[in-house]
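# Give me coordinates for this.
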Amino acid sequence: MLSRVAENIYWLARYLERAEDTARLLSVSSHLMLDLPRATKLGWSEIIAITGNDELFDEYYSNRDEASVLAFMCGDERYPGSILCSLRAARENLRTTRDVIPREIWEEINQLFLSVKEQVAGGISPRRRDAFLSRVIRSCQTVNGLIEGTLSYTQVRTFLMLGRQIERADMTTRIIDVRSANLLPRSPEELTPFETLQWMSVLKSLSGYQMYRQHVRLRIRGPDVLRFLLQDRAFPRAVSCSLERLAQALRSLPRHQQALEEVESCLRHIAEAEIPRLAAEPDLLHAFVDEIQIDFTDLHEAIRRTYFAKPEEATQTQEQSQITS
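All right, here's what the predicted structure looks like:
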């Protein structure tokens, strides 16, 4: 497979996963805020913090209210991570690789993009918000179902898996980082009666509430939620599970040693995490998540250099890999 085609497929999966996860986050957060009293600190500002684009948002918007955040996250073309921009990027990457992807997948993504573009142009009001977000989530799930049911087990599927899993793990850590900084008490006196409801929202943001209750079988507590979302090897959106599936996909590709070493290093980092300490100290958890984010950046860079780089850069990477081994 040409490196250009592989890279487009990889980013197709990342952008599609990004659009779905953004829609999930907005949907669950909006419902949570309806259940909480106005005096609570949790608000729309937390959603912007998850994306890491505070400066960009503040450049174009004066208030972090519902209307501004929805406009920014759903359809602002100045923000590359908005749902509209993510779907446009996914569609463009798919358009250039249509000869290796089943037609049904192209049709679903194209239809979703055109529908989102039309709705964004008319404005995403609070009354239309839920229907809009549900449409995005269902269509992204439909595309993943089409991939599972119609795409042969070739390198095309492998690069789709790489992109999907690294983006999914990235979003999970972002949600844990910001939500935990807001939710974890800095002293026992700061515990609120709404803590369980908020941690429930963390799980629901990742569609993990039912699986948590089935497998953990405990009441919802911060340390247990952190352990489940970071270290569980069976829940598809847990960080460890995403990395395990990514490693499995990598092993089917040639020259996978360097990228696989990055995955295994990240898995060890997560497995060695002292969950009780992280749960008790929000600043420590924030620092830990920052380290994991750096691991993901290193992993992406290893994949890029190995499979997407220009010939001369790829040759240098291969030579370095041989030297270190």
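
# got the contact list for the spatially most central residue of the chain?
The chain has residue 171 as the residue nearest its centroid, 2.8 Å off, counting by Cα atoms, centre = their mean. By Cβ atoms under 8 Å, 6 or more residues apart in numbering, the contact list for residue 171 reads 17, 18, 21, 25. Placement of C-beta: from N, CA and C, glycine included.

# what's the one helix or strand the second one maps to packed up against?
Following DSSP states H and E, the helix or strand that holds residue 18 is helix 3-35. With contacts defined as 3 or more Cβ pairs under 8 Å, 6 or more residues apart in numbering; DSSP states H and E, the packing partners of helix 3-35 are helix 45-51, helix 66-75, helix 83-95, helix 126-150, helix 155-183, helix 195-205.

# So which bits of the fifth one are buried?
If you call a residue buried by 16 or more other Cβ atoms under 10 Å, then helix 155-183 has these buried ones: 155-180, 182-183.

# before we move on, what about the third one?
Residues of helix 83-95 classed as buried: 83, 84, 85, 86, 87, 88, 89, 90, 91, 93, 94 (neighbour count, 16+ other Cβ under 10 Å).

# can you redo the residues you listed as a markdown table with distance to residue 108?
Formatted as a markdown table, the buried residues of helix 83-95 follow (distance: Cβ to Cβ, whole Å):
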| residue | distance to residue 108 |
| --- | --- |
| 83 | 15 |
| 84 | 16 |
| 85 | 18 |
| 86 | 15 |
| 87 | 11 |
| 88 | 15 |
| 89 | 16 |
| 90 | 11 |
| 91 | 10 |
| 93 | 15 |
| 94 | 10 |
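
# Between those, which sits nearest residue 3?
residue 93 (13.8 Å; Cβ to Cβ).

# I'd guessed that closest one sits against residue 14; true?
No - using Cβ atoms under 8 Å, residue 93 makes no contact with residue 14, being 9.1 Å away.

# Flag every buried residue along stretch 111-123.
Applying 16+ other Cβ under 10 Å to stretch 111-123 flags 112, 113, 116, 119, 120 as buried.

# Ignore what I typed, I meant stretch 199-210.
In stretch 199-210, counting by 16+ other Cβ under 10 Å, buried: 199, 200, 201, 202, 203, 204, 205, 206, 207, 208, 209.

# start to end distance for that stretch?
Terminal residues of stretch 199-210 lie 13 Å apart, using Cα to Cα, to the nearest Å.

# which residues are contacting stretch 239-258?
Residues contacting stretch 239-258 (Cβ under 8 Å, 6+ apart): 155, 158, 161-162, 165-166, 168-169, 172-173, 229-236, 259-260, 263-264, 266-267, 270-271, 292, 302, 305-307, 317-318, 320-321, 325.

# Sorry, wrong one. I was asking about stretch 62-69.
Here stretch 62-69 makes contact (Cβ under 8 Å, 6+ apart) with 30, 43, 44, 45, 47, 48, 57, 61, 126.

# Show residues contacting the one helix or strand residue 106 maps to.
Applying DSSP H and E as the criterion places residue 106 in helix 103-122. Defining contact as Cβ under 8 Å, 6+ apart, one finds that helix 103-122 is touched by 16, 74-75, 83-84, 87-88, 90-91, 94-95, 98, 128, 132, 135-136, 139-140, 142-143, 146-147, 150-151.
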